[in-house]
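Enquirer: Return a 3D structure for these sequence lines:
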Amino acid sequence: MSHDFTFSIKRIAFDENYRPADGTRITTNFANLARGERRQENLRNTLRMIDNRFNDLAHWDNPNADRYAVELDIITVEMQVEQGSESETFPLIEMLKTTIVDKQTGARTDGIVGNNFSSYVRDYDFSVLLPQHNEGKAAFSAPDDFGDLHGKLFRHFLGSDAYRANFAKPPVICISVSSSKTYHRTENHHPILGVEYKQSEFSPTDDYFGKMGLRVRYFMPPRSVAPLAFYFQGDLLGDYSNAELIATIATMEAFQKIYRPEIYNANSTAGKVYQPSLKHEDYSATRIVYDREERSQLAVKQGRFTEETFIKPYQNTLNQWAATWPASTAKA
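Expert: Sure thing, here's the model as predicted:
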């Protein structure tokens with residue numbers, strides 16, 4: 001029996017008037033900010049941080065540091081699953097798409113899609129499957145096929161007509177470095193991405209993104225205090241323009257300052273040998289309200305939702321389809 005999954009893409013502007021749609025993963029960075037009494041203030045301050053950082057990095061022909069603005073669209077990827085006579089649509093992935101606005105000329109330039117990455121199946125993998133696998137065990141481990149299904153679904157989406165019709169380049173996803181690994185500064189320096197760091201072994205997150213067909217490099221941009229992890233296909237330094245890279249850095253550094261201030265809003269800069277720590281106390285808090293504990297609890301709830309509405313009902317269909325796909329470990 002052959003199975004195929006089709007994808008559809010929805011866009012909604014992430015601005016100070018944004019309200020999460022029904023079905024949006026509320027653990028998503030942008031959705032979490034848009035809740036509560038201070039929702040509009042949270043959003044306004046976040047967007048201001050992004051614009052300020054973009055102008056800081058795009059400083060040429062920009063004497064007042066106010067020439068550019070970054071517009072963000074939330075990209076929701078829905079997957080249609082057919083099983084027998086039944087057809088179901090499941091919200092698979094959410095990412096961000098940047099657009100750079102030159103307020104001096106009026107020009108609008110497409111930025112990178114990806115940036116932030118959220119996935120119901122990833123919530124299931126990390127918040128349900130992994131704890132179940134390790135229950136009662138003395139040593140922590142992951143199943144041999146951990147992340148295989150998620151990785152194959154993601155790679156299938158990147159090769160789909162829906163992706164090609166909407167995006168000209170592969171995605172770049174930018175997240176925090178791992179607090180369980182040590183990073184070493186190299187002599188490699190890029191004018192926008194900054195100084196490159198490397199580590200001796202990959203983290204579980206690196207392995208997981210590797211199964212999605214994405215390699216990883218770590219860079220600390222100018223005037224940043226810690227490196228960021230960039231996951232990509234192809235050539236990170238050659239395939240994207242300065243403006244595209246700056247928009248991604250500005251966007252994701254702002255989110256990381258909110259969600260990981262111990263690392264990205266620290267009062268000291270990463271040294272030649274650097275191990276991130278969420279227990280670090282010498283950092284500055286942003287003015288933006290965020291409940292990290294609640295977000296962790298919601299990830300478990302949404303992982304269970306995925307198990308009940310997607311994994312269990314379509315287990316056979318998903319297994320048969322996944323068996324037709326080769327594995328990927330594109331980490332190096």
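
Enquirer: who does residue 174 bridge with?
Expert: residue 230 (DSSP bridges).

Enquirer: pretty sure it contacts residue 115?
Expert: Yes - using Cβ atoms under 8 Å, residue 174 is in contact with residue 115, at 5.9 Å. C-beta here means a position set from N, CA and C on the backbone, and glycine is covered the same way.

Enquirer: Pull up the overlap in contacts between these two.
Expert: Here residue 174 and residue 115 have 248, 251-252 as joint contacts, going by Cβ atoms under 8 Å, 6 or more residues apart in numbering.

Enquirer: Now tabulate the residues you listed in a markdown table and tack on neighbour count and secondary structure.
Expert: Formatted as a markdown table, these follow (neighbours: other Cβ atoms under 10 Å; DSSP: H, G, I helix; E, B strand; the rest coil):
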| residue | neighbour count | secondary structure |
| --- | --- | --- |
| 248 | 29 | helix |
| 251 | 28 | helix |
| 252 | 27 | helix |
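
Enquirer: would you turn these into CSV with distance to residue 77 and pLDDT?
Expert: Shown next, in CSV, are the shared contacts of residue 174 and residue 115 (distance: Cβ to Cβ, whole Å; pLDDT from 0 to 100):
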residue, distance to residue 77, pLDDT
248, 19, 98
251, 19, 97
252, 19, 96
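
Enquirer: for the chain, what helix or strand is lowest in average pLDDT?
Expert: helix 29-33 (a mean of 60; mean pLDDT, DSSP states H and E).

Enquirer: what about residue 42, how many neighbours?
Expert: A total of 22 residues lie near residue 42 under the criterion other Cβ atoms under 10 Å.

Enquirer: Give me the helices and strands touching the helix or strand where it lies, please.
Expert: Take DSSP states H and E as the rule and residue 42 turns out to sit in helix 39-57. When contacts are defined as 3 or more Cβ pairs under 8 Å, 6 or more residues apart in numbering; DSSP states H and E, helix 39-57 packs onto helix 29-33, strand 68-83, helix 242-259.

Enquirer: all helices in the chain, in order from the N-terminus.
Expert: For the chain, helices defined by DSSP state H occupy the ranges 29-33, 39-57, 120-124, 130-134, 148-158, 161-166, 204-211, 242-259, 261-264, 292-306, 315-322.

Enquirer: Report the buried residues of the longest one.
Expert: Of the residues in helix 39-57, 39, 42-43, 45-47, 49-51, 53-57 count as buried by neighbour count, 16 or more other Cβ atoms under 10 Å.

Enquirer: what does the fifth one give?
Expert: Using 16+ other Cβ under 10 Å as the test for burial, helix 148-158 gives 148-157.

Enquirer: Distance to residue 5 for the helices and strands packed on helix 39-57 - can I get that in JSON lines?
Expert: Shown next, in JSON lines, are those (distance: least, Cβ to Cβ, whole Å):
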{"stretch": "helix 29-33", "distance to residue 5": "24"}
{"stretch": "strand 68-83", "distance to residue 5": "5"}
{"stretch": "helix 242-259", "distance to residue 5": "28"}
